[in-house]
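[1] I would like the atomic coordinates for the input below:
(3 chains)
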Amino acid sequence: MPELPEVETIRRIIGPQISGRSITSLKIHNPQIIAFPDADTFSSSLVGCSFTGMSRRGKFLIFHLDNGSRLVLHLRMTGQLLVTPADHQEEKHTHLKAELSDGKQIRYIDVRRFGRFWLLSNDEADTVTGMDKLGIEPDNALLTADFLIEKLNKRKKAIKEMLHDQTIIAGIGNIYSDEILHAAKIHPEKPCCYLTRSEWKRLAEQIPKVIAWATEANEITPEDYLAGNGKEYRNTPFLKAYGHNGKPCEFCGTLFEKLTVGCRSSCYCPKCQKK
DNA sequence: CTAGCTTCCTGATAGC
DNA sequence: TGCTATCAGGAAGCTA
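    Residues are numbered from 1 along each chain as shown, chains lettered A, B, ... in the order given. Model prediction:
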């Protein structure tokens, strides 16, 4: 379940390890992970390309190539991205392996195979990946109480569900919606149309704050990242709300309770986050 | 336009 | 011990 902070961590770790290297060969073990174009075209187009850098948009990772095309990856639930020495022990569920010009390999591992790759030539639009529909990044200065009110004030849906809507703010998933709502002291089930102005204001403040904090908490060396096979770096031990059912709230000591909101598990403090 | 439902997938865990 | 049921959840695609 990598969300924005985890995806950003991956970008910071992997980006410098691939920049300037080219792909000398590529093997796709499971074509299902290639969303566009077909696996054969994907493969033959990539071989010989050189990476110029890596960026991120919401939960999408974007590899920039020297011929102007972009390799896009969404990790969904269980995707893992590694740069490894050639002789690194191969993980189960490795679906793609690319040899790099420096002798290392890029590997994509995904237990549940929800993750997807796209290869966009330089004239291909973002409609192919759906990135065109993404909302603003959490650190965008446009993210104010007024922005949230304009987008969400009339909606009846629970605020927790709306935080997951990637077309409004990109990058928030189930972990950080719990963290953000706890930090902003808002009940996850509260319908958007009942939020007060001061609650919208707290949300607008806490969204970038929580995401920035989590990104820093995630910091890791490339060595430790590889040792954990690209999945054990996640900041679960630092979280303050997600998965804290039965544990005390850091603000008031009240025990967290569990709730299902829109088919998603949710932890909240019943005293700080009143409905 | 919104809302609700289903699909994809495997591994960990709970219950019997 | 060994089996089955449930849950984890991001996002697309569908219907109403």
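[2] can you count the residues close to the residue in chain A positioned nearest to DNA strand B?
    Nearest residue of chain A to DNA strand B: A:Arg112, at 3.5 Å (C-beta to the nearest atom of the strand). Glycine gets a C-beta too; all of them are placed from N, C-alpha and C. A:Arg112 has 10 neighbouring residues, counting by other C-beta atoms under 10 Å.
[3] need the contact list for it.
    By C-beta atoms under 8 Å, 6 or more residues apart in numbering, A:Arg112 lies in contact with A:76-78.
[4] Contacting DNA strand B as well, which ones from those residues?
    Among the contacts of A:Arg112, the residues lying close to DNA strand B (C-beta under 7 Å from any atom of the strand) are A:Met77.
[5] Does A:Lys275 touch A:Lys190 like I think?
    Yes. Contact status for A:Lys275 versus A:Lys190: in contact at 5.7 Å, counting by C-beta atoms under 8 Å.
[6] okay, these two: which has more neighbours?
    A:Lys190 (19 against 11).
[7] in the stretch 1-150 of chain A, which spans are helices?
    A:4-18, A:39-46, A:145-152 (DSSP state H, counting those that start in this stretch).
[8] List just the one of those helices that sits closest to A:Ile28.
    helix A:39-46 (5.2 Å; C-beta to C-beta).
[9] For the closest one, list the C-alpha coordinates in PDB.
    Only the C-alpha atoms of helix A:39-46 are listed here, as PDB (Å, rounded to 0.1, in the frame of the first residue of the first chain):
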ATOM      1  CA  ALA A  39       4.300  -6.400 -23.800                       C
ATOM      2  CA  ASP A  40       6.400  -7.000 -26.900                       C
ATOM      3  CA  THR A  41       6.300  -3.400 -28.100                       C
ATOM      4  CA  PHE A  42       6.900  -2.300 -24.600                       C
ATOM      5  CA  SER A  43      10.000  -4.500 -24.300                       C
ATOM      6  CA  SER A  44      11.500  -3.800 -27.700                       C
ATOM      7  CA  SER A  45      11.000   0.000 -27.400                       C
ATOM      8  CA  LEU A  46      12.700   0.200 -24.000                       C
END
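[10] What helices and strands are in contact with that helix?
    For helix A:39-46, the packing partners by 3 or more C-beta pairs under 8 Å, 6 or more residues apart in numbering; DSSP states H and E come out as strand A:23-28, strand A:116-120.
[11] if you set the cut-off to 10 Å instead, what comes out?
    Under the contact definition 3 or more C-beta pairs under 10 Å, 6 or more residues apart in numbering; DSSP states H and E, helix A:39-46 sits against strand A:23-28, strand A:34-36, strand A:60-65, strand A:70-74, strand A:94-100, strand A:116-120.
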